[in-house]
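Undergrad: A predicted structure for the sequence below; I have some questions about it.
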Amino acid sequence: MKTIFRTFLILLILCSSNLQTFADGDKSADRYTLSGYIKDAENGEVLIGATVYISNLKIGAVTNLYGFYSITLAPGDYKVIY
């Protein structure tokens, strides 16, 4: 009886993790990532802590130590302010 219960429990865990993977996959299918590097126009150095702002959504991102930023968005037209 313990073996049957253990097998059922393992099968249940595997099925639930697969369902979560499929659900996450569906969400990401209709989203895109806007990303890039922000550099100083005069000397080409990366700008740490520069902001990227999507004014339509009132969200944004800050560049990391390498001047890199990344924002995930749904399809659409946006005004991006750097």
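TA: Great, that's in hand.
Undergrad: mean confidence for stretch 65-82?
TA: Within the predicted structure, the mean pLDDT of stretch 65-82 is 95.
Undergrad: Which of the residues in it are classified as buried?
TA: The neighbour-count check on stretch 65-82 (16 or more other Cβ atoms under 10 Å) flags 67, 69, 71 as buried. The way it works is simple: take the backbone N, C-alpha and C, and place the C-beta from them, glycine included.
Undergrad: ok, now which ones touch the closest residue in space to the first one that isn't next to it in sequence?
TA: Nearest residue to residue 67, sequence neighbours excluded (Cβ to Cβ, 6 or more residues apart in numbering): residue 46, at 2.8 Å. Applying Cβ atoms under 8 Å, 6 or more residues apart in numbering to residue 46 gives the contacts 37-40, 63, 66-68.
Undergrad: contacts for the one helix or strand residue 72 maps to?
TA: Here residue 72 is covered by strand 68-73, with elements defined by DSSP states H and E. Contact with strand 68-73 is made by 31-38, 46, 50, 52, 54, 57, 59-63, as judged by Cβ under 8 Å, 6+ apart.
Undergrad: do that again at 10 Å, thanks
TA: With contact meaning Cβ atoms under 10 Å, 6 or more residues apart in numbering, strand 68-73 is reached by 28, 31-38, 46-48, 50-54, 56-57, 59-64, 78, 80, 82.
Undergrad: and if you look at stretch 29-37?
TA: Here stretch 29-37 makes contact (Cβ under 10 Å, 6+ apart) with 46-47, 50, 52, 54, 61, 63-64, 66-76, 78, 80, 82.
Undergrad: What are the boundaries of the strands in this protein?
TA: 32-37, 51-54, 59-62, 68-73, 80-81 (DSSP state E).
Undergrad: List the buried residues of the third one.
TA: If you call a residue buried by 16+ other Cβ under 10 Å, then strand 59-62 has these buried ones: residue 61.
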